[in-house]
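Trainee: Generate a structure from the sequence data that follows.
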Amino acid sequence: MKTLARLFTTGFASLAVAAISANFAFAQNVAPVPAPTQDKPRVEVKTSLGSMVIELDPAAAPKTVENFLSYVKSGQYEGTVFHRVIKGFMIQGGGFSADMKEKSTKAPIKNEAEMALKAGVKNDRGTIAMARTGDPHSATAQFYINHGNNDMLNFPSRDGFGYVAFGKVVSGIEVVDKIAEVATANKGQYQNVPQTPVVIEKVTLITKK
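Mentor: Got it, this is the predicted structure:
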């Protein structure tokens with residue numbers, strides 16, 4: 001059997017507990033963001049609970065953004081779900097169908113968490129980051145959106161590498177909040193699975209006018 005879903009590791013589970021405590025009183029809104037620039041592409045993520053727009057930062061994590069956009073353009077994310085939801089911590093998706101079948105992916109990419117942190121892109125509320133296993137360089141297609149400020153996931157974290165954030169939600173943060181509120185339960189070997197699937201219907205690269 002394949003390795004369990006990215007981030008489904010004992011060490012990360014303990015970090016999740018710490019994050020929920022730290023983010024108990026997280027802010028309900030993010031600060032206004034500047035208009036998009038040519039070097040920061042945006043994608044629209046349409047889900048069964050609403051849509052959000054995410055601005056990516058290639059300067060902070062070039063290979064990570066390139067990898068993510070390749071999956072966007074191939075339609076990889078269509079029909080996948082947010083399969084792991086922990087209020088106050090993060091919502092994770094992009095790798096499983098509604099019946100918890102894992103999709104095949106391309107080869108994993110190098111961890112760019114240190115580069116991203118130096119560029120000021122961190123695991124803060126509303127940022128998108130790559131999910132992975134205990135291997136720091138195992139990220140493929142799965143991603144998560146931070147529901148709170150998760151400083152302990154930034155480089156170097158507890159494993160010397162951390163988790164690379166590579167963009168942020170610039171519109172639709174209320175959709176992240178809505179997803180974070182759904183009821184969850186165990187499903188087979190997986191935990192924190194929404195009882196009603198939250199489907200990623202489409203992810204589209206927004207073309208600048």
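Trainee: which stretches of this structure form strands?
Mentor: Using DSSP state E, the strands of the chain run over residues 42-47, 50-56, 80-86, 90-93, 127-130, 143-146, 165-171, 184-187, 190-194, 199-206.
Trainee: For residue 208, see how far away the residue nearest to the spatial centre of the chain is.
Mentor: In the chain, the residue lying closest to the centroid (CA atoms, centre = their mean) is residue 144, at 1.6 Å. Distance, residue 144 to residue 208, by CB to CB, to the nearest Å: 26 Å. For every residue, glycine as well, the C-beta is placed using N, CA and C.
Trainee: what's the answer for residue 153, then?
Mentor: 30 Å.
Trainee: residue contacts, the nearest residue to residue 64 once chain neighbours are set aside?
Mentor: Excluding the flanking residues, the one nearest residue 64 by CB to CB, 6 or more residues apart in numbering is residue 166, at 4.5 Å. By CB atoms under 8 Å, 6 or more residues apart in numbering, the residues touching residue 166 are 56-57, 60-61, 64-65, 68, 112, 116, 121, 128-130.
Trainee: Among those, which one sits closest to residue 197?
Mentor: Nearest to residue 197 among the contacts of residue 166: residue 128, at 20.2 Å, using CB to CB.
Trainee: Now for the nearest residue to that closest one once chain neighbours are set aside: which residues touch it?
Mentor: In space, and not counting its chain neighbours, residue 128 is closest to residue 167: 4.7 Å by CB to CB, 6+ apart. If you count contacts by CB under 8 Å, 6+ apart, residue 167 has them with 54, 55, 56, 57, 65, 121, 127, 128.
Trainee: give me that answer again for 10 Å
Mentor: 40-43, 54-58, 60-61, 64-65, 68, 116, 121, 126-129, 143, 145 (CB atoms under 10 Å, 6 or more residues apart in numbering).
Trainee: ok, residue 88 touching residue 180?
Mentor: Yes. Under the criterion of CB atoms under 10 Å, residue 88 makes contact with residue 180 at 7.4 Å.
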